[in-house]
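Asks: Dropping the sequence and predicted coords here.
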Amino acid sequence: MSWIRTIAVAALLFAVSGPSFAHAQASENFEQAKTLFLEGTQAAEAHEWEKAADLFKRSYELVHRESSLLNYAVSLSELKRYVETREALQTLLHELTPAEDLRVRAQALLDTVDRKISVLDLYGMERDVSYDIEVKGRKVNDDGTRPVRVDEDPGAVSLRVSAADAEEAFTWQGTLNEGERVRVDVVLPGADGESIFESPWFWIVTGAVVAAGAAVGLYFILDGAADLEPNSKNVVNLDL
Amino acid sequence: MRRRITAWLPLALRIGGFLALTGCADNAILELEVCLPDEVAGEREYALVQVRRITEDTNFENDIPWVGTEDQHVPLQSIPVAFDVSAETTKDNIDVAVRVSYCKNIDCASEFPAESRFVLLDPYTIGERTKATLNAATVPSGKGTPVEYKCSKGRCVPSGTGVSPVCGQSSPPEDAATPDVGDSGDAGDQTDF
C-alpha cells in the first residue's frame, strides 16, 4: 500500500521538523497536534480510515502542517471520498509549501482521484434563474454556469433542484461509477426560467409567423398560377 | 401543446382558402380563330396574321408595329383551314386590329396586294378569355374594309349580324346562338369578305 508509505514519510517529516516548529511555537497546540498525528498514523496502519481521517484533520486544524493535510487526503481517498480528497490536495499544493517529496506524492494522488471523481451535468436550467441544488443533502453552489457541473463521489446519489417560483422541486436518484459522467435533464414545472419551448407564447408567435409566411408564399403562388394560359401555340403579346 | 397546434389548423385552412379564392389572373386573352382560304398555287400560298392594339381610330396604315406570325408564315392548305392565335395582354379597355395578308412567297417581303382587316372593340376583360372567329377565307381584291366586331361576355361577333362565322362554312350555322350583342343590322355587311 503506497499510501501507507506516504503516511509514514509524512509522519517522519512531522517528527523531524517537530523540534524547530515546537521551538518556534512553544505551544500546547503543537504537542496536541503531534499526538493526534501519531494516533492518526497508527489508525491508518490499522486501516481504520474513518478514524485516521478524523485524527489527521484535527491535527491539521491545530497546526497547518503539510504532512497532516496529506495524510488526511490519503485517508479520505481510502474512504472513496474523492471530492474531499481533491479539495485537501489542492489546498496542500496551492496554499501550502510542501517539501518536494510530499508535493510529488500529493500530485500523484490528485491525478488518481481526478480520474475517479464522477460528474453530474445538469441541463435544462436557465442562466438567469437562481436554483437551490442539493446533492446527497449537501448544498451545491450555483454560480450561473450552464450546464451545472456537480463533481460527486461514486456510488448512490440523490439530487434535488428547486427554484423560487417552481411549483415543485426536481429530484433524481442514481448510482455513479468511478469516473462516470452522467447527464441529467432538470425539468421544473412553473419556474420562471422554464424552457422557451414550454412557453405557449413561443408556439403562438412561431405559429403566427409561419402562417403569415405561408400565406404570403401561397398568395404569390396562387396569383401567378391564376394567370390565363393561351390556348394556341401561336401567341402574340400586345403589351410589347 | 398538441391541443394548441391543433387549434391553429382550422385557422390556417381558412387563411389558405381565403387566399385561394382571392388569387386572380392579371392577364386577359383573346382567342382568335382565323378562317383561312385554300391555297392557289403561284397566287397565294401563305398567310400572315398580325395583331396590334388600336391607338388612333382604326388606322391600319400607321407605323405602330404589328405582332403576329412573321416568324412563321402560315402555309395555306388545299382546303380552307382555321388558324388559331392567342393575343395576350394585361391591359383592359383596348381595341384590337387584326389583319390577314396573303402571300405568294414564304418571306411575304413584297407589299401585300390583298389584305383582310378586322377591328375588335373592347375584347378584353382582365382575368377572362374572349373568343372570336374571323372570316379571312374570302380574299378581298385589295385592302379590305375593316370588319367591326363587338365583344361581350367572352365572345366577339361581327357588329352587323351578331352571329359568329364558322370556318369552313360560307354562312353561319343554322343553330348559331342568338346574338347577345350588336346591332340588328344588315347581314349583307359581311359580304365584303
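Replies: On my side now, so go ahead.

Asks: can we go C-alpha only for contacts and neighbour counts from here?
Replies: Noted.

Asks: what's the pLDDT at the residue of chain B found nearest chain A?
Replies: Proximity of chain B to chain A (CA to the nearest CA) peaks at B:Ala25, 4.0 Å away. Listed pLDDT for B:Ala25 reads 76.

Asks: That one: neighbour count?
Replies: 18 (other CA atoms under 10 Å in any protein chain shown).

Asks: which residue packs closest to it, ignoring adjacent ones?
Replies: Of all residues not flanking B:Ala25 in the chain, A:Asp227 sits nearest, at 4.0 Å (CA to CA, 6 or more residues apart in numbering or on different chains).

Asks: which bits of chain A sit near chain B?
Replies: Contact residues (CA under 8 Å from any CA of the partner chain) of chain A with chain B: A:200, A:207, A:211, A:215, A:218-219, A:222-239.

Asks: State the phi and psi torsions of the residue nearest to B:Ala25.
Replies: phi -60, psi 140 (degrees, to the nearest 10).

Asks: follow-up on the earlier one: in strands, which of the residues of chain A next to chain B appear?
Replies: Members of the residues of chain A next to chain B lying in strands (criterion: DSSP state E): A:235-237.

Asks: Can you select the buried ones from the residues you listed in ChimeraX?
Replies: Selecting the buried subset of these in ChimeraX, with 16 or more other CA atoms under 10 Å in any protein chain shown as the burial test, is done by:
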select /A:235,236
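
Asks: okay if I get the ones in strands among the residues of chain A next to chain B as CSV plus pLDDT?
Replies: Below are those laid out as CSV (pLDDT from 0 to 100):
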residue, pLDDT
A:Val235, 87
A:Val236, 86
A:Asn237, 87
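
Asks: same for the helix ranked longest in chain A, what does it pack against?
Replies: Ranked by residue count, the top helix of chain A under DSSP state H comes out as helix A:200-225. Secondary-structure packing of helix A:200-225 (3 or more CA pairs under 8 Å, 6 or more residues apart in numbering or on different chains; DSSP states H and E): helix B:2-22.

Asks: Can you name the next helix or strand after the helix it packs on?
Replies: strand B:28-36 (DSSP states H and E).

Asks: helices and strands around that following strand, which ones?
Replies: Looks like strand B:28-36 contacts strand B:81-89, strand B:129-135 (3+ CA pairs under 8 Å, 6+ apart).

Asks: surely A:Trp172 meets A:Ser158?
Replies: Yes. With contact defined as CA atoms under 8 Å, A:Trp172 counts as touching A:Ser158 (5.8 Å).

Asks: Just give me the residue right at the centre of chain A.
Replies: A:Val150 (2.4 Å; CA atoms, centre = their mean).

Asks: related to what we said a few turns ago, just give me the neighbour total for the residue nearest to B:Ala25.
Replies: As a measure of burial, A:Asp227 has 19 neighbours, counting by other CA under 10 Å.

Asks: about what we covered before: need the winner for burial among the helices and strands packed on strand B:28-36.
Replies: Stretch with highest mean neighbour count among these: strand B:129-135 (a mean of 24; mean count of other CA atoms under 10 Å in any protein chain shown).

Asks: Tell me the helix or strand right after that one.
Replies: Assignment by DSSP H and E places the next element after strand B:129-135 at strand B:147-152.

Asks: Now look at the following helix or strand past that next one and say if it contacts chain A.
Replies: Next helix or strand after strand B:147-152 toward the C-terminus (DSSP H and E): strand B:155-158. No. Remark: strand B:155-158 sits outside contact range of chain A, by CA under 8 Å from any CA, the gap being at least 15.1 Å.

Asks: Run me through the strand neighbours of strand B:155-158, direction for each.
Replies: strand B:129-135 (parallel), strand B:147-152 (antiparallel) (DSSP bridges).

Asks: Restricted to buried residues, select the residues of chain A next to chain B in ChimeraX.
Replies: Buried residues among these (16+ other CA under 10 Å), as a ChimeraX selection:
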select /A:207,211,215,218,219,222,223,226,227,228,230,231,235,236,238
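
Asks: ok, back up a step: neighbouring contacts of the strand or helix carrying the residue nearest to the centre of chain A?
Replies: A:Val150 belongs to strand A:148-152 when assigned by DSSP H and E. Contacts with strand A:148-152, where a contact means CA atoms under 8 Å, 6 or more residues apart in numbering or on different chains, come from A:82-83, A:117-123, A:125, A:140, A:142.

Asks: for the record, mean pLDDT for the longest helix of chain A?
Replies: Mean predicted confidence for helix A:200-225 is 81.

Asks: Could you do stretch B:154-163 as well?
Replies: Rounded mean pLDDT across stretch B:154-163 is 87.

Asks: Keeping just the C-alphas, turn that stretch into CSV.
Replies: Provided in CSV are the C-alpha atoms of stretch B:154-163 (Å, rounded to 0.1, in the frame of the first residue of the first chain):
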residue,chain,number,x,y,z
GLY,B,154,-66.3,36.3,-73.6
ARG,B,155,-67.4,36.4,-77.2
CYS,B,156,-66.9,38.8,-80.2
VAL,B,157,-69.2,38.8,-83.1
PRO,B,158,-69.5,41.0,-86.2
SER,B,159,-71.4,44.1,-85.4
GLY,B,160,-73.7,43.7,-88.4
THR,B,161,-75.0,40.3,-87.8
GLY,B,162,-74.3,39.4,-84.3
VAL,B,163,-73.6,35.9,-85.5
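
Asks: Now that stretch: buried residues?
Replies: Buried-residue list, stretch B:154-163, by 16+ other CA under 10 Å: B:154-163.

Asks: One more: stretch B:89-105?
Replies: For stretch B:89-105, the buried set under the neighbour-count rule, 16+ other CA under 10 Å, comprises B:89-90, B:95-105.

Asks: That one: end-to-end distance?
Replies: End-to-end distance of stretch B:89-105 (CA to CA, to the nearest Å): 31 Å.

Asks: Please tell me how far the residue of chain B closest to chain A sits from A:Glu229.
Replies: For B:Ala25 relative to A:Glu229 (CA to CA), the value is 10 Å.

Asks: Which residues are in contact with B:Glu88?
Replies: The contact partners of B:Glu88, by CA under 8 Å, 6+ apart, come to A:230, A:235-239, B:27-30.

Asks: How confident was the prediction at A:Leu102?
Replies: pLDDT recorded at A:Leu102 is 90.

Asks: and it, helix, strand or coil?
Replies: helix (DSSP: H, G, I helix; E, B strand; the rest coil).
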